[in-house]
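**Student:** model the following, please.
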Amino acid sequence: METDNFTFSRKELKRDAKLNFKHHYLMYVVACLLALILQTEFVASDTLISIRRQVVDDAINAVNEFTDVKGLERIENAYREIDGDADSIYTGVEQMLYNQSFSDEATNEVFGRTRGILNQVINYIVEDTIISNVYSIVTQFVGSRNVAQVLMLLMALFFAAFTWLFVRNVYLAASRRIFLEGRIYKRVPFSRYLYFIRVKRWVRASLVMGLKTVFEIVGMSTVVLYPVIHCGLAMVPYIIAENPDVRPFEALLLSWRMMKGNKRKLFFLFMSFTGWFILGFFTLGISNLVYANPYYVCCYSEFYSRLRYYSKEKKLKGTEILNDEYLFVRADTNTLLDTYSDVKEELARPEYSVEGLDSRREKFFAKYFGVVLWNSKDEIEYENRESRKMKMMAYQNEADGLSYPSRLSPIPDQRKIPSLENIHYLRHYSVASLVMMFFIFSCFGWTWELLYYFLMKGRLINRGVLHGPWLPIYGFGGLIVLILLASLRKRPFIFFISAITLCGTVEYFTGWLLEKLFGHEWWNYDGYFLNINGRVCAEGLFVFGICAIAFIYVLAPLLDSLIRKINRRVLLAIAVTLLVLIAADCVYSSVVPNTGYGITGNFDKDEDIVAVETVIETG
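**Tutor:** Residues are numbered from 1 along each chain as shown. Now for the predicted structure:
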């Protein structure tokens, strides 16, 4: 059955698209911004970022005119006055030196990084300074530049292939799921970004989208064939977003059948955005980011919805796999009441009380700070009941018809993942468990910074004031958000903002106190976007917020479940021993603090000259 009689009003389509966009403006803008960051689509909107890169590139090219260290210093100082970001120029210098290692003929025989499509992929991957430093480290370990180059090529190819297949392509389909749900429902949960993971179809989705991309790459062989293939397969992301069970060739064939006779209509819809594309050029891509891109996807989503309805009405071959009815029509009230009856019952129950806590003080700390001396059986039962109620609250919007009813999906949402089943974030933590988590995260922070600076600078640096294998600021950061923000765990967004504020305050005054006590800086964010006196910056605070979310809702409950399995006496002995060791380290470090290159020194200043000379010598 052909679909060449499919007609629609472009004016009505865009009207409905604008209405959808208006209801979910912020979510759609963020979704398209993530697509741009991942380079999934909207690459033409990267004008502003490209101009920024060009400034950096021009400064890097100027380095070629200087051959001595003083010359590098002059370029760096000049760039600092212009841009205020000496890190960028230093990164560029390192990358230039790394690229010089591929300039000889012997190396080009291995990499061939001067021409061809593969060259663009490799260049994109090795742009990062971390990769260049990994290359230097691998060279030192294997003792051969040729072997190191082959290993780096394999690593780059693997990373590029993995990112392309399992991240970029799949994100395109996941974002289409968000736009489709937004057409019908007032609320789209953030978990929809992980839709294919939750329904356990991530690999299937990656294969479908990967095959689509392969066909489009083949179509690039001719100017005429590419737009035909691209338009013919344009519905694939929507098909896989509706039915993640569809097989790769099945999805492509269905899109091709649906678009038969309709490619020109989609092309004209695309061309109707020409004015927006021109405006995006003159606004350096800003208008695309804040309006045109999400509006464009909303229009394509409306096109798919209309084409899907027509194709199913005409019983086009293969449309039986488009079976997610409630993605396009709301369920009636009776159906929702029957499906979510347990949710209504659970939410109608009164608040649970904390049993097994004797004194008023214990109840106070448990209620407002989530802390108890020990986890009793009654208290564990309480947190399990609270956890069940929170799970039911997650279904409340679905039960009220405000969001997509996942229980009515043809592919049920796989919420009960065995390894994550015991994540009850509304729990109470014992004192011993808090002590253990303090050391776990202090050691994690120390390990993280050790590896980070090893990759960035090629040297092992024991960061922090203390001499032991721990950075207490990570441990304290974890504990303060776990304890002081316990009452906000039910409201993730408010918790996120509060965590950023709290962590930023702690970091700022910790840096200030260390400078006053010892006269040294253990970190400095000068040149970072929105930094305050070099002690905190927007980038770092955002990372703190993300880490706090992961810690409170995933890592802390998992760790606490493991810690609870340890014998109480053994746990107490370990906790006391660790406290004694770090106390001794604090006493010693108060007299002889940990200082030196990369600890109290600034990488952007004199020490950087040594680092650059090292790169030159190894290059």
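**Student:** residues in contact with the nearest residue to K186 once chain neighbours are set aside?
**Tutor:** Excluding the flanking residues, the one nearest K186 by C-beta to C-beta, 6 or more residues apart in numbering is L402, at 5.1 Å. For every residue, glycine as well, the C-beta is placed using N, CA and C. Residues near L402 by C-beta atoms under 8 Å, 6 or more residues apart in numbering: Y185, K186, R187.
**Student:** which of those residues has the most neighbours?
**Tutor:** Using other C-beta atoms under 10 Å as the neighbour criterion, Y185 leads the contacts of L402 with 21 neighbours.
**Student:** wait, that residue touches S403, no?
**Tutor:** Yes: using C-beta atoms under 8 Å, Y185 is in contact with S403, at 4.9 Å.
**Student:** hang on, the earlier thing: would a markdown table of the contacts of L402 with secondary structure be doable?
**Tutor:** Below are the contacts of L402 laid out as a markdown table (DSSP: H, G, I helix; E, B strand; the rest coil):
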| residue | secondary structure |
| --- | --- |
| Y185 | coil |
| K186 | coil |
| R187 | coil |
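**Student:** thinking again about what came up before, ramachandran angles for the residue nearest to K186?
**Tutor:** Per-residue torsions, L402: phi -90, psi -20 (degrees, to the nearest 10).
**Student:** could the contacts of L402 go into TSV alongside pLDDT and distance to Y304?
**Tutor:** TSV is the format used below for the contacts of L402 (pLDDT from 0 to 100; distance: C-beta to C-beta, whole Å):
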residue	pLDDT	distance to Y304
Y185	95	17
K186	93	20
R187	92	21
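**Student:** out of those residues, which comes closest to L225?
**Tutor:** Lowest distance from L225 to the contacts of L402 (C-beta to C-beta) belongs to Y185, with 38.6 Å.
**Student:** tell me the contacts of the closest one?
**Tutor:** By C-beta under 8 Å, 6+ apart, Y185 lies in contact with R330, G401, L402, S403, Y404.
**Student:** and what of I532?
**Tutor:** So I532 contacts Y508 (C-beta under 8 Å, 6+ apart).
**Student:** in terms of pLDDT, where does it sit?
**Tutor:** I532 is assigned 80 on the pLDDT scale.
**Student:** ok, the nearest residue to T595 once chain neighbours are set aside to G464 distance?
**Tutor:** Of all residues not flanking T595 in the chain, H520 sits nearest, at 6.2 Å (C-beta to C-beta, 6+ apart). Using C-beta to C-beta, to the nearest Å, H520 is found at 12 Å from G464.
**Student:** okay, the two: which has more neighbours?
**Tutor:** Legend: neighbour count by other C-beta under 10 Å for H520 and G464, higher for G464 (23 against 14).
**Student:** surely that one forms part of a helix?
**Tutor:** No: going by three-state DSSP, the assignment for G464 is coil, not a helix.
**Student:** grab the nearest non-local neighbour of it.
**Tutor:** For G464, the closest residue by C-beta to C-beta, 6+ apart turns out to be L471, at 4.5 Å.
**Student:** need phi/psi at N243.
**Tutor:** The phi/psi pair for N243 (degrees, to the nearest 10) reads phi -130, psi 90.
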